[in-house]
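*Asks:* Curious how this folds, go ahead:
(one chain, ligands or ions: 1)
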Amino acid sequence: MLTADVVVIGGGSTGTSVAFQLARRGAGRVVLVERGAIGSGPTSKSMGIIRLHYSYEPLIRLALRSLELFSHFEDLSGGTADFTRAGFLLAASSAQMPSLLDNVALQQRLGVRTSVLTPAQLKDLDPRLEVSDLGGAAYEPESGFADGYATASSFASAARRMGAKILEQTTVERIVVEGGHVQAVVTSGDTISTPRTLVAAGPWPPSVLEPLGIRVPIESSREQVVQFAPPPEFGRLEVVIEDLAQGFFARPEAGGTVLSGVLEEGAEEIVQPDGFNQGVDFDYVERVGRMWAHRYPSAADAQVRGGYASLYDVTPDWQPALGPVDGIEGLVIAAGFSGHGFKLSPALGEVLTAILLGERPAVDISMFALSRFATGALIHGRHAQGILG
Ligand SMILES: Cc1cc2nc3c(=O)[nH]c(=O)nc-3n(C[C@H](O)[C@H](O)[C@H](O)COP(=O)(O)OP(=O)(O)OC[C@H]3O[C@@H](n4cnc5c(N)ncnc54)[C@H](O)[C@@H]3O)c2cc1C
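*Replies:* Numbering: from 1, shown residues only. Sure, this is the predicted structure:
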């Protein structure tokens with residue numbers, strides 16, 4: 001039997017970030033258990049968009065701290081997150097502008113560099129944009145995107161160098177709880193004796209928590225991404241754009257191509273996390289293509305290069321379950337990120353490490369407690385799309 005001070009379940013961007021911070025803090029014997037390879041889950045399929053626009057202070061603080069950590073990722077981890085500071089635009093119709101303005105005001109109070117652009121200013125920023133149906137946009141010049149797999153593998157490598165044990169191809173089968181305390185984690189290999197465990201298992205926490213009588217309302221939603229190449233005369237897409245008016249997003253990708261998808265929650269398709277169609281549907285490609293062509297008419301003749309589908313771990317209010325699980329000492333959850341957890345993962349490494357070590361975290365995440373789903377204290381952001389928080 002192995003013995004650990006903390007076991008982290010899941011080797012995506014969340015679990016690896018926490019394992020890294022625990023190892024960095026010298027938190028004793030840290031073991032990360034991943035049933036596949038590090039970063040092989042939804043993390044590796046992430047669009048990796050890093051923006052600071054949220055409706056709630058804790059999310060803005062987490063995103064802001066994460067941006068700082070992404071900006072110094074090489075110094076922090078000795079690896080790369082492939083962070084590109086492309087800038088971020090959140091474009092909105094006139095009817096959507098009041099929510100956008102409220103969020104921008106809150107962000108500015110918290111020290112975020114963001115401003116509101118009129119349609120004319122948007123045209124100055126990128127003359128190729130169609131702005132006739134827009135009331136304006138929020139613009140964050142310091143935001144951008146990074147790579148999910150690079151981030152998770154860099155965190156895992158750094159954690160290992162600092163003494164953490166990383167077990168790949170090893171599945172956690174159950175968590176042993178006695179007298180209301182975590183005692184051990186039983187895996188497909190060894191049993192690991194431990195007083196504390198973090199469940200950072202993306203869409204899969206129900207399989208380890210429900211046998212303990214804990215209800216975890218996380219569902220797997222199939223989400224598609226399309227890659228296409230704008231015509232050469234268009235040039236490159238420089239900025240990340242989330243287009244509330246149409247409900248779609250696009251970001252630059254290598255080789256002058258673009259990754260794009262829809263923002264609407266209505267597009268969700270609940271599936272089994274271990275058996276779903278990982279391809280992209282042709283109807284979806286056409287739909288995204290129409291929205292792209294509307295926003296960038298001079299790139300209407302873009303060529304489709306491919307696409308894929310992965311999973312969002314969706315909760316009823318599209319916000320994660322974070323922090324200690326009531327009634328079981330030593331059990332902490334970080335899952336249900338509902339399609340927007342990558343950007344939060346560096347800061348959550350620090351915050352969840354503090355919680356696992358019994359310290360007060362730098363950001364108060366108590367509003368994200370798992371218990372809110374039972375009490376009905378759901379979180380509602382200012383925008384219609386919950387993914388925007
Ligand atoms: C298509 C797509 C686009 C996205 N775009 C963005 C974006 O632009 N910006 C953003 O911030 N977020 C985005 N996200 C969301 C973001 O990628 C995720 O929230 C984040 O990467 C989740 O990381 P995680 O570590 O929590 O979970 P995961 O990546 O799901 O990792 C969980 C890991 O746990 C492992 N595991 C599960 N069960 C067990 C078990 N019993 N034993 C051992 N291991 C287990 C799995 O194998 C998996 O590797 C996107 C997601 C998708 C799918």
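*Asks:* what bits of this structure have low per-residue confidence?
*Replies:* 265-267 (pLDDT under 70).
*Asks:* Which segments of it make up each domain?
*Replies:* Taking automatic domain parsing as the domain assignment, the ranges for the chain are 2-49+148-218+317-388, 85-142+219-313.
*Asks:* Tell me which of the ones you listed approaches residue 64 most closely.
*Replies:* Nearest to residue 64 among these is domain 85-142+219-313 (6.0 Å), distances taken as Cβ to Cβ. All C-beta spots, glycine's among them, are computed from the backbone N, C-alpha and C.
*Asks:* For that closest one, measure first residue to last.
*Replies:* Using Cα to Cα, to the nearest Å, one end of domain 85-142+219-313 lies 27 Å from the other.
*Asks:* Now do the contacts for residue 131.
*Replies:* Applying Cβ atoms under 8 Å, 6 or more residues apart in numbering to residue 131 gives the contacts 119-120, 122-123.
*Asks:* Show the buried residues in those residues.
*Replies:* The neighbour-count test (16 or more other Cβ atoms under 10 Å) marks 119, 122 as buried among the contacts of residue 131.
*Asks:* Output the contacts of residue 131 in JSON lines; the columns should cover distance to the ligand.
*Replies:* Formatted as JSON lines, the contacts of residue 131 follow (distance: Cβ to the nearest ligand atom, whole Å):
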{"residue": "119", "distance to the ligand": "25"}
{"residue": "120", "distance to the ligand": "28"}
{"residue": "122", "distance to the ligand": "21"}
{"residue": "123", "distance to the ligand": "26"}
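*Asks:* With respect to residue 241, which of the contacts of residue 131 is nearest?
*Replies:* residue 122 (10.0 Å).
*Asks:* Do I have it right that the closest one meets residue 129?
*Replies:* Yes: counting by Cβ atoms under 8 Å, residue 129 is a contact partner of residue 122 at 5.6 Å.
*Asks:* anything in contact with each of the two?
*Replies:* With Cβ under 8 Å, 6+ apart as the test, residue 122 and residue 129 reach no residue in common.
*Asks:* What ranges does the protein have for its helices?
*Replies:* Remark: helices assigned in the chain by DSSP state H are 13-24, 57-71, 73-77, 97-109, 119-125, 148-161, 205-209, 282-295, 345-356, 372-375.
*Asks:* Tell me which residues of stretch 328-336 come out buried.
*Replies:* For stretch 328-336, the neighbour count (16+ other Cβ under 10 Å) marks 328, 330-336 as buried.
*Asks:* Tabulate these (TSV), appending distance to the ligand.
*Replies:* Converted to TSV, the buried residues of stretch 328-336 look like this (distance: Cβ to the nearest ligand atom, whole Å):
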residue	distance to the ligand
328	17
330	17
331	14
332	13
333	10
334	7
335	6
336	9
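*Asks:* Please identify which pair of those lies farthest apart.
*Replies:* 330 and 336 (20.0 Å).
*Asks:* if you compare the domains of the chain, which one is most tucked away?
*Replies:* A comparison of those by mean neighbour count, using mean count of other Cβ atoms under 10 Å, puts domain 2-49+148-218+317-388 on top with a mean of 21.
*Asks:* How about the residues of the stretch 1-150 of the chain by the ligand?
*Replies:* Taking Cβ under 6 Å from any ligand atom, the part of the stretch 1-150 of the chain that reaches the ligand is made up of 9-15, 33-36, 40-43, 45-49, 148.
*Asks:* Kindly recompute the last result at 8 Å.
*Replies:* Listed as neighbours of the ligand in the stretch 1-150 of the chain under the rule Cβ under 8 Å from any ligand atom: 9-17, 33-51, 145, 148.
*Asks:* Could you give the bridge partners of the residue of the stretch 51-200 of the chain found nearest the ligand?
*Replies:* At 3.7 Å from the ligand, residue 172 is the closest residue in the stretch 51-200 of the chain, using Cβ to the nearest ligand atom. Judged by DSSP bridges, the bridge partners of residue 172 are residue 187.
*Asks:* Kindly indicate which of the buried residues of stretch 328-336 lies nearest residue 384.
*Replies:* Residue 384 lies nearest to residue 336 out of the buried residues of stretch 328-336, by Cβ to Cβ, at 19.7 Å.
*Asks:* these two touch, right, that closest one and residue 317?
*Replies:* No: judged on Cβ under 8 Å, residue 336 makes no contact with residue 317 at a distance of 9.3 Å.
*Asks:* From residue 10, how far off is the most centrally placed residue in the chain?
*Replies:* Among the residues of the chain, residue 341 comes closest to the average C-alpha position under Cα atoms, centre = their mean, at 1.9 Å. Going from residue 341 to residue 10 by Cβ to Cβ, to the nearest Å gives 12 Å.
*Asks:* Not counting sequence-adjacent ones, nearest residue to residue 44?
*Replies:* Distances taken as Cβ to Cβ, 6 or more residues apart in numbering put residue 149 closest to residue 44, at 4.2 Å, once the chain neighbours are dropped.
*Asks:* again with residue 307
*Replies:* Nearest one to residue 307, counting by Cβ to Cβ, 6+ apart, is residue 280 at 3.0 Å.
*Asks:* Near the ligand, which residues of the stretch 251-389 of the chain? Just list them.
*Replies:* Taking Cβ under 8 Å from any ligand atom as the contact definition, the stretch 251-389 of the chain meets the ligand at 251, 261, 308-313, 320, 334-335, 337-345.
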